[in-house]
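K.L.:
Structure for this input, please:
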Amino acid sequence: MRIKNIIISLSILAFSSCVTIPDLPQNESPECIAHHFEVKAKLKELSTSQWNVTGVFIYFTFMVGFGIGADGFYVLTGLPYFLYSDYQKANSIEEEYQKTYCKKK
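P.N.:
Modelled structure (predicted):
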């Protein structure tokens with residue numbers, strides 16, 4: 001029961017730090033619109049790498065978990081760190097884009 005609670009808690013942490021990609025630019029200025037698709041491509045690449053890291057972690061966890069028992073599932077405790085670091089990278093890219101190209105004049 002304890003391992004089930006740990007896995008549920010880690011799942012909630014993992015899904016709360018997913019990289020989101022905005023559909024529309026913040027304002028209608030020409031610079032903001034011009035650089036929107038470039039930033040969107042960077043965020044999409046980061047989102048794809050985030051899912052790849054998640055897949056590798058889950059595969060490794062199940063491989064170790066079924067090999068040595070329930071204690072092998074504690075490898076999942078490292079997953080939120082990697083997801084949060086990708087989330088912070090995405091936020092920094094988005095904030096830099098907003099400050100540089102989309103500030104109101």
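K.L.:
and residue 4, how far is that from residue 41?
P.N.:
From residue 4 across to residue 41, the span is 39 Å (Cβ to Cβ, to the nearest Å). From N, CA and C alone the C-beta is placed, and that goes for glycine too.
K.L.:
Now do the same contact list for the nearest residue to residue 102 once chain neighbours are set aside.
P.N.:
Spatially, and ignoring its direct neighbours in sequence, residue 102 is nearest to residue 32 (3.9 Å; Cβ to Cβ, 6 or more residues apart in numbering). By Cβ atoms under 8 Å, 6 or more residues apart in numbering, residue 32 lies in contact with 25-26, 101-102.
K.L.:
now residue 78: how far from residue 42?
P.N.:
The gap separating residue 78 from residue 42 is 25 Å, by Cβ to Cβ.
K.L.:
ok so, going back, now the helix or strand hosting the residue nearest to residue 102: buried residues?
P.N.:
For residue 32, the host element (DSSP states H and E) is helix 30-68. Using 16 or more other Cβ atoms under 10 Å as the test for burial, helix 30-68 gives 32, 36, 39-40, 42-43, 46-47, 50, 54, 57, 61, 64-65.
K.L.:
count of residues packed around the spatially closest residue to residue 66 that is not a sequence neighbour?
P.N.:
Leaving aside its chain neighbours, residue 66 sits nearest to residue 72 (7.3 Å; criterion: Cβ to Cβ, 6+ apart). Other residues near residue 72 come to 16 when the count uses other Cβ atoms under 10 Å.
K.L.:
shouldn't residue 72 be in contact with residue 60?
P.N.:
No - contact criterion Cβ atoms under 8 Å: residue 72 and residue 60 do not qualify, at 9.3 Å.
K.L.:
rewinding a little: dump the residue contacts of the residue nearest to residue 66.
P.N.:
Contacts of residue 72 (Cβ under 8 Å, 6+ apart): 61, 64-66.
K.L.:
least trustworthy helix or strand in the protein by mean pLDDT?
P.N.:
Least confident helix or strand of the chain, by mean pLDDT, DSSP states H and E, is helix 2-16 with a mean of 66.
K.L.:
buried residues in the host helix or strand of residue 83?
P.N.:
Assigning secondary structure by DSSP H and E places residue 83 in helix 79-101. By neighbour count on 16+ other Cβ under 10 Å, the buried set for helix 79-101 is 79-80, 82-83, 86-87, 89-90, 94, 97-98, 101.
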